[in-house]
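1. Sharing a model prediction with you, sequence too.
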Amino acid sequence: MKKPSYIQLIKHLKEEILLSRYTAAKLVNKEILILYFKVGKVLVEKIEVAGYGAKVIENISNDLQANLPGLRGFSATNLKYMKQFYENYSFIQISQSPTDEFKSSSETQIRQSPTDESFSVSKAISKPINKKNTPILTNDFFANFFSISFSHHYKIISNTANWNERLFYINHSAQNQWTVKTLEHHLETNFYKSKGKMMNNFKQQLPKKIQERAIQAFRDEYILDFINIQDPNEIDERIIEQSIVNNIKQFLLSLGKEFAFMGNQYRLSVGDEEFFIDLLFYHRGLQCLIAFELKSGKFKPEYGGKMSFYLNVLNKQIKLPAENPSIGVILCKQKNNTVVEYSFTDSTKPIGVGTYKLTDKIPQKLKKYLPTTEDLINIVNEPTIEYVVTKK
């Protein structure tokens, strides 16, 4: 027989779910997040106080679904995620209108707890955040916080180690309308640490009004994991270029929402000669052309001279009068930052140098279906069996 307090817990959670359903005929994203936050809060406060066993969440999930036939989204796994969701954002308090506790979501107020000055991170990270980094909650924060899905939040919680990093991914997911898959890509490629780190001379060669924005528009390393290759060490620029063109949507997502693709092997005519830029983009925010050159090896100083030539031609022939100076980006397999820095010393054109990384890794979920190296060796070394068919 179940404890009376446990029965009250199930009743409490059932009421929270039903009351949230009454708030809106169809749960919108904000209502879902508030509901999950409340459920997580109840689980943290009630379970820990009551001292239930390890399998209590599985029992809660089963009993909730028994009490609410057809209920979705409250599996044991999801309940654990909700608990972690609350644990990570417990510094937020949700209070309702004193006259009508569940009147409408528009009357739900969010505020920072005056007593809770710590920020608890995911158990998967287990790195406490210094009290000096206690988040300051603003209207913009809540607008972004409630505009991304619960799946977004869990991915961010599970893969970030500090508040600034977490806030970065919340804001970018909301502002750039990243899908969960796009967010996963940026988390895997460590977008937070690589953004704005590309070697460049933008502060010296761009108008002051766009210098910082231009720096933040690029990253030090781009992961081109959509390129299918046999040997990442034996690949030329044209294969990379064509793969980017074939997967231009994915490449644009990795660049950012303000990039527009203008073409590959973009033709420039100078006198009676023709020259071709690997990839040409336009950046709406910077209001300028962006030329990309792809190199399969290590950065060489002469690459900067060729890019300066391209930018000269773009500025004179393609750039509109109201647009800002064109920017060049050279993507190489490797680079030496000291060599890059010396290459920019006398350059009068805004150029950045980054690297790209191709992945030849087999997805983890597929590895179990493939033979190991030892298996293949054994197959090769097995003795050949010959079959002779004789006529009767």
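-> Cool, the structure landed. Residues are numbered from 1 along each chain as shown.
2. Could you measure from residue 204 over to residue 46?
-> 60 Å (C-beta to C-beta, to the nearest Å). Every residue, glycine included, has its C-beta placed from N, CA and C.
3. Counting neighbours, go ahead and name the busier of these two.
-> residue 46 (18 against 12; other C-beta atoms under 10 Å).
4. quick one: that one and residue 7 touch, right?
-> No: assessed by C-beta atoms under 8 Å, residue 46 is found out of contact with residue 7, at 11.8 Å.
5. Please state the offset of stretch 304-316 from the chain centre?
-> 33 Å (C-alpha atoms, centre = their mean, to the nearest Å).
6. all helices for the stretch 151-300 of the chain, in order.
-> Per DSSP state H, counting those that start in this stretch, the stretch 151-300 of the chain has helices spanning 163-175, 180-188, 191-194, 202-205, 208-216, 237-246, 248-255. These are given in chain order.
7. what does the third one contact?
-> The contact list for helix 191-194 (C-beta atoms under 8 Å, 6 or more residues apart in numbering) reads 160, 165, 168-169, 172, 219-221.
8. List just the nearest of those residues to residue 253.
-> residue 172 (11.6 Å; C-beta to C-beta).
9. for the residue lying closest to residue 206 once chain neighbours are set aside, what are its contacts?
-> Once flanking residues are discounted, residue 206 sits nearest to residue 350: 4.9 Å by C-beta to C-beta, 6 or more residues apart in numbering. Residue 350 makes contact with 200-202, 205-206, 214, 311, 325-328, according to C-beta under 8 Å, 6+ apart.
10. Of those residues - the most surrounded one?
-> residue 327 (28 neighbours).
11. Return the member of the contacts of residue 350 nearest to residue 139.
-> residue 214 (28.4 Å).
12. still on that earlier bit, is it possible to get a markdown table of the contacts of residue 350 that adds pLDDT and distance to residue 296?
-> Compiled in a markdown table, the contacts of residue 350 are given as follows (pLDDT from 0 to 100; distance: C-beta to C-beta, whole Å):
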| residue | pLDDT | distance to residue 296 |
| --- | --- | --- |
| 200 | 93 | 21 |
| 201 | 93 | 24 |
| 202 | 94 | 25 |
| 205 | 93 | 27 |
| 206 | 94 | 28 |
| 214 | 93 | 26 |
| 311 | 97 | 22 |
| 325 | 96 | 28 |
| 326 | 97 | 24 |
| 327 | 97 | 22 |
| 328 | 96 | 18 |
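13. how far away is residue 290 from residue 183?
-> Using C-beta to C-beta, residue 290 is found at 24 Å from residue 183.
14. Repeat that for residue 63.
-> Applying C-beta to C-beta to residue 63 and residue 183 gives a distance of 33 Å.
15. Between those two, point out the one with more neighbours.
-> Under the neighbour definition other C-beta under 10 Å, residue 63 and residue 183 were set side by side, and residue 183 has more, 23 against 17.
16. Contact partners for the more buried one?
-> Applying C-beta under 8 Å, 6+ apart to residue 183 gives the contacts 152, 155-156, 169, 173.
17. if we can go back for a sec, wait, which of the contacts of residue 350 is closest to residue 30?
-> Closest to residue 30, out of all of these and judged by C-beta to C-beta, is residue 214, at 34.8 Å.
18. Contact partners for the closest one?
-> 200, 202, 206, 286, 327, 350.
19. Show me which pair in those is furthest apart.
-> 200 and 286 (12.9 Å).
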